[in-house]
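Colleague: Pasting the sequence and the predicted model now:
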Amino acid sequence: MRISNSRPFFLKHPDPGKRPLNCFLAQACLGTSFTYLTSGAFLSGLAILMGAGDVLVSYLSVIINICGVLILAFSTFLERIRSRKRLAIILTALSKIFTLCIVIIPAAAPAGKELALFIPSVIIAFTLQAQASVVLNQWMLGFVDEKKSGRYISLRQTLTLAVTVVLSMTGGRWMDYMGGRYMGFVIIFAAAGLMGLFEIIILARTPDSTVYQPQTVKCRPWDIIRLPLKDRRYLGFVAYISLFYLLLNISDSFTMVYMMKYLALPYQTVTMLSMIISLPQLFLLTIWGRISDRRGHQFVLNASVWLFAAETLFLSFASPKSWSLFIPLAFSAASVGNAGFVTAVFNRRYELMPRQNRIVYDNFYTAAVGLGFILGPMTGGLLRGWAESSPVLTDSIPFAGIRLLYLISTVGILLLQVLYLYGFARSPYNQFRFNKCLNMALRLRHTVYLLKEKLRCHFP
């Protein structure tokens, strides 16, 4: 029997001994395990156990994106470090250590001081995570074939989602069994620490990449803003994504609080509902990845954003009596939209990004997105306070404050998408394509007209 020596489609530079991108697939699974067990519902539950309010809990669901604003200051320093492997391992190890220390706070902090220590610890830990993620992406992309990046990223996302599904089932059942007690969180974080250790071992065995090293190591402090602002196409894309996240998080950042505190859903129910988002993506990511490689990343991005508007619209109808219908509908729309969105945004961002000084551009993007995650919940909190001060709304609609936010997000996302598509269609490159298609249509119409005239002459 003949054994094929063909390598996987995503390996640009074959390395039969180490298979670097296979290492990144394993790292993605382990890293997702660590992040899932130390954030989201579990981090929110730990904060609620310490007496955190609704606004703080809403920020915790997107804390890693918020902390992305802080990494902008590190761009010039990190751009000088040529070894992406060494930098990624150091940042990953530090982020794991600081994250695991968070679970010690309820037991070690003085009474009444828990949140005062919890907030800065979370900020430090997740800022390091955000920067480690940027460097890992730079390292990984050195091995990816750009023409097939959509399929590789979709494969990576599929594996991480499979891990998320398993952890959703086991973690939710465990916390329900423990009744939300502190020891349950300790064991969850201990399991995450084991996953983090394996992740660092995998990274240490992964070869370094030199494909995306900057040509010059000198990057001045003001370049962290000046360079991205000079690139109009990249700046327009970043502004669009930042505004999208702002509008989405006006309401979406309160979803976890709404389900856990106001609808009083148990951990297992919350995690099972979250699986409605995760499970379909195991199949949808592959489909979106192929479409992204064939039709373009911008096409997939435009198609997926509409589904987020559908998600927020359905959530606005979710009341204590109707949540079992509308939350699954909303999460189903989010599943289809998110599968395309994560694939398209990742690839489109690096498609528009220059080859040189990529950490500067990547940190600028991460900071802009983080700004959207900061302003979104703040805006949502103000609007919610205004809505709840109206007796007409609160007396007639259960939880009117949060549900009104979902409608505001829906209208905002639809308006943003229409304006962006209008501006995108009017850009010089797309205007040229539009005019070319229009001329072809006019020539075809003229050809049909001449053919009809000839037929009339021959067959009066």
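Modeller: Now that the structure is in, tell me what you want to look at. Numbers count the residues shown, from 1 in each chain.

Colleague: so where do the helices sit in the stretch 1-150 of the chain?
Modeller: Along the stretch 1-150 of the chain, counting by DSSP state H, counting those that start in this stretch, helices occupy 20-37, 40-49, 54-60, 63-66, 75-79, 84-101, 105-108, 114-141, 149-178.

Colleague: Adding mean neighbour count, write the ones you listed out as TSV.
Modeller: Using the backbone N, CA and C atoms, a C-beta is placed for each residue, glycine as well. As requested, the helices of the stretch 1-150 of the chain are arranged in TSV below (neighbours: other C-beta atoms under 10 Å):
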stretch	mean neighbour count
helix 20-37	22
helix 40-49	22
helix 54-60	22
helix 63-66	23
helix 75-79	19
helix 84-101	20
helix 105-108	14
helix 114-141	21
helix 149-178	20
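
Colleague: And those: which comes nearest G193?
Modeller: G193 lies closest, by C-beta to C-beta, to one member of those: helix 84-101, at 5.1 Å.

Colleague: picking up where we left off before, for T410, find the nearest of the helices of the stretch 1-150 of the chain.
Modeller: Between T410 and these, the tightest spacing by C-beta to C-beta is seen for helix 54-60, at 18.3 Å.

Colleague: Let me see the mean pLDDT of the closest one.
Modeller: Mean pLDDT, computed over helix 54-60, is 75.

Colleague: Report all helices and strands that that helix contacts.
Modeller: Counting contacts by 3 or more C-beta pairs under 8 Å, 6 or more residues apart in numbering; DSSP states H and E, helix 54-60 packs against helix 40-49, helix 114-141, helix 255-257, helix 358-388.

Colleague: okay, the angle between the first one and helix 84-101?
Modeller: It refers to helix 40-49. 40 degrees (axes from the mean of the first three to the mean of the last three C-alpha atoms, to 10 degrees).

Colleague: Compute the number of surrounding residues for M183.
Modeller: Neighbourhood size, M183 [other C-beta atoms under 10 Å]: 10.

Colleague: so which strand or helix has it?
Modeller: Element membership of M183, judged by DSSP states H and E, is helix 182-204.

Colleague: Near D362, how many other residues are there?
Modeller: By other C-beta under 10 Å, the residues close to D362 number 24.

Colleague: so it touches W139, yeah?
Modeller: No - counting by C-beta atoms under 8 Å, D362 stays clear of W139, with 11.8 Å between them.

Colleague: got the contact list for the nearest residue to I102 once chain neighbours are set aside?
Modeller: Using C-beta to C-beta, 6 or more residues apart in numbering and skipping the chain neighbours, the partner closest in space to I102 is S121 (5.2 Å). With contact set as C-beta atoms under 8 Å, 6 or more residues apart in numbering, S121 has these partners: 98, 101-102, 105.

Colleague: quick one on the thing from earlier: lowest mean pLDDT across the helices of the stretch 1-150 of the chain, which one is that?
Modeller: Across the helices of the stretch 1-150 of the chain, helix 75-79 gives the lowest mean pLDDT, at a mean of 68.

Colleague: was I right about F74 contacting L128?
Modeller: No - using C-beta under 8 Å, F74 is not in contact with L128, being 10.1 Å away.

Colleague: Please name the nearest non-neighbouring residue to G31.
Modeller: E199 (5.3 Å).

Colleague: can you list the domain ranges for this protein.
Modeller: Split into domains by automatic domain parsing, the chain comes to 20-426, 428-460.

Colleague: what's the most buried one of the ones you listed?
Modeller: Using mean count of other C-beta atoms under 10 Å, the stretch among the domains of the chain with the largest mean neighbour count is domain 20-426, at a mean of 19.

Colleague: least reliable of the domains of the chain going by mean pLDDT?
Modeller: With a mean of 57, domain 428-460 has the lowest mean pLDDT of the domains of the chain.

Colleague: just to revisit the earlier point, spatially, which two of the contacts of S121 are the most separated?
Modeller: The distance between the two most remote of the contacts of S121 (C-beta to C-beta) is 11.6 Å, for F98 and I105.

Colleague: Identify the residues contacting D231.
Modeller: 352, 354, 361.

Colleague: Shouldn't the second one be within a helix?
Modeller: No - counting by DSSP: H, G, I helix; E, B strand; the rest coil, P354 is located in no helix; its state is coil.

Colleague: show me the contacts for it.
Modeller: By C-beta under 8 Å, 6+ apart, the residues touching P354 are 231, 234, 361.

Colleague: got the residues you listed as a markdown table, with distance to I188 columns?
Modeller: Output for these, formatted as a markdown table (distance: C-beta to C-beta, whole Å):
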| residue | distance to I188 |
| --- | --- |
| D231 | 42 |
| Y234 | 39 |
| Y361 | 36 |
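
Colleague: Give me the distance between I402 and M183.
Modeller: According to C-beta to C-beta, to the nearest Å, I402 and M183 sit 31 Å apart.

Colleague: Return stretch 350-359 as CSV; C-alpha atoms alone will do.
Modeller: Output of stretch 350-359 as CSV, limited to C-alpha atoms (Å, rounded to 0.1, in the frame of the first residue of the first chain):
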residue,chain,number,x,y,z
TYR,A,350,-4.6,40.7,8.6
GLU,A,351,-5.6,41.0,4.9
LEU,A,352,-5.7,44.8,5.3
MET,A,353,-2.7,45.0,7.7
PRO,A,354,0.7,46.0,6.3
ARG,A,355,3.5,43.4,6.7
GLN,A,356,5.7,45.7,8.7
ASN,A,357,5.2,46.7,12.4
ARG,A,358,2.2,44.3,12.7
ILE,A,359,2.2,44.3,16.5
